[in-house]
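Engineer: for reference, the sequence and a predicted model appear below.
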Amino acid sequence: MSDSVLFETRGSTLIVTINNPARRNVLSRAVYESVEQALHEAAAPHSVLRAVILTGAGRFFSAGGDLRMLKTRRELPLPQREEQIEYLHSMIRAVRACPLPVIAAVEGGAAGAGASLAFACDMIVAAQSARFTLAYVNAGLVPDGGGSGFLAMNLPRQLATEICLTGAPVPAQRMYDLGVVNRIVATGQALQGALDLALRLSMGPAQAQAAIKALLSAPDAERNEAHLAYERQQMAIALGGDEAYEGITAFEDKRKPEF
């Protein structure tokens, strides 16, 4: 485990907190591996846990990948770029495969791979002020972590296209109205709202809940895996391109990119 992720057990619920609030909880390989390990341990046969909550320290869920780190990765050969993306995708698979309900508690916002992580969860509790953003396009990149696939499955194609092609933030209330977010709570209350939901779930039959999660996931399991592979390929290609170089450089220079 890593200090970049914190763990707390409340009753039968494990709270997993991405812990880099100064940088809006950017994701890293240490985060991917720690979250994945925690999910595997939470679902172990000896475990008494009944639910997992994923959240971010401070006032933001996660800003996604570190663009500065991506800038160094773009120099790697294509197979190695794909390999680095696979660490993220392995965590996403762990969220989907965990037999326990996994709930995202979103304050502030979820952006990039942070949004993909929230969408991968079984349920989302979001603060009224939270926003969801897939702004990869603004950096000359494409979504990874299953973000585009989750949106394509859960939203009309035109709306999913608008979100991905414009990179504009989508308010939590709109995501709630569209059925992507389960509960809207007051700002600062996302974790408590998720705990309330987890407590309700903990009173139900664990084996039946695990079977229900598996049943609900089964129809899209093969499609999800194929989409992750396609996203990994396209993201690795985009990362090595001129548009990504301009987009990431513009972000660092705090200017508008010129594509």
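Structural biologist: Structure's in. What do you need? Source: prediction; values computed, not measured.
Engineer: flag every buried residue along the helix or strand of the chain with the lowest mean pLDDT.
Structural biologist: One helix or strand of the chain scores below all others by mean pLDDT, DSSP states H and E: helix 67-73, with a mean of 85. Under the neighbour-count criterion of 16 or more other C-beta atoms under 10 Å, helix 67-73 has 67, 70-71, 73 buried. Every residue, glycine included, has its C-beta placed from N, CA and C.
Engineer: cool, and stretch 25-41?
Structural biologist: So, applying 16+ other C-beta under 10 Å, buried residues of stretch 25-41: 25-28, 31-36, 38-39.
Engineer: quick check: the farthest pair among the residues you listed?
Structural biologist: The largest distance within these, taken as C-beta to C-beta, falls between Val26 and Leu39 and amounts to 19.9 Å.
Engineer: confirm Glu225 sits in a helix?
Structural biologist: Yes. Using DSSP: H, G, I helix; E, B strand; the rest coil, the assignment for Glu225 is a helix.
Engineer: burial of it, as a residue count?
Structural biologist: Glu225 has 15 neighbours, counted by other C-beta atoms under 10 Å.
Engineer: what does the one 3 residues further on give?
Structural biologist: The number of residues packed around Leu228, counting by other C-beta under 10 Å, is 22.
Engineer: ok, of the buried residues of stretch 25-41, which one's closest to Thr187?
Structural biologist: Ranked by distance to Thr187 (C-beta to C-beta), the buried residues of stretch 25-41 are led by Asn25 at 16.9 Å.
Engineer: how far away is that closest one from Glu107?
Structural biologist: Note on Asn25: its distance to Glu107, by C-beta to C-beta, to the nearest Å, is 10 Å.
Engineer: list the residues that contact both of these two?
Structural biologist: 56, 58, 60-61 (C-beta atoms under 8 Å, 6 or more residues apart in numbering).
Engineer: for the least confident helix or strand of the chain, the distance to its chain's centre please.
Structural biologist: Chain-centre distance of helix 67-73: 19 Å, with C-alpha atoms, centre = their mean, to the nearest Å.
Engineer: on that earlier part again, by neighbour count, which of the shared contacts of Asn25 and Glu107 wins?
Structural biologist: The most crowded member of the shared contacts of Asn25 and Glu107, judged by other C-beta under 10 Å, is Phe61 (32 neighbours).
Engineer: list the contacts for that residue?
Structural biologist: Contacts of Phe61 (C-beta under 8 Å, 6+ apart): 18, 25, 55, 104-110, 114, 118, 130.
Engineer: possible to save these as TSV with distance to Lys256, pLDDT and secondary structure?
Structural biologist: TSV is the format used below for those (distance: C-beta to C-beta, whole Å; pLDDT from 0 to 100; DSSP: H, G, I helix; E, B strand; the rest coil):
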residue	distance to Lys256	pLDDT	secondary structure
Ile18	29	98	strand
Asn25	26	97	coil
Thr55	32	98	strand
Ala104	31	98	strand
Ala105	33	98	strand
Val106	28	98	strand
Glu107	28	98	coil
Gly108	24	98	coil
Gly109	21	95	strand
Ala110	24	98	strand
Gly114	23	98	helix
Ala118	27	98	helix
Ala130	26	98	coil
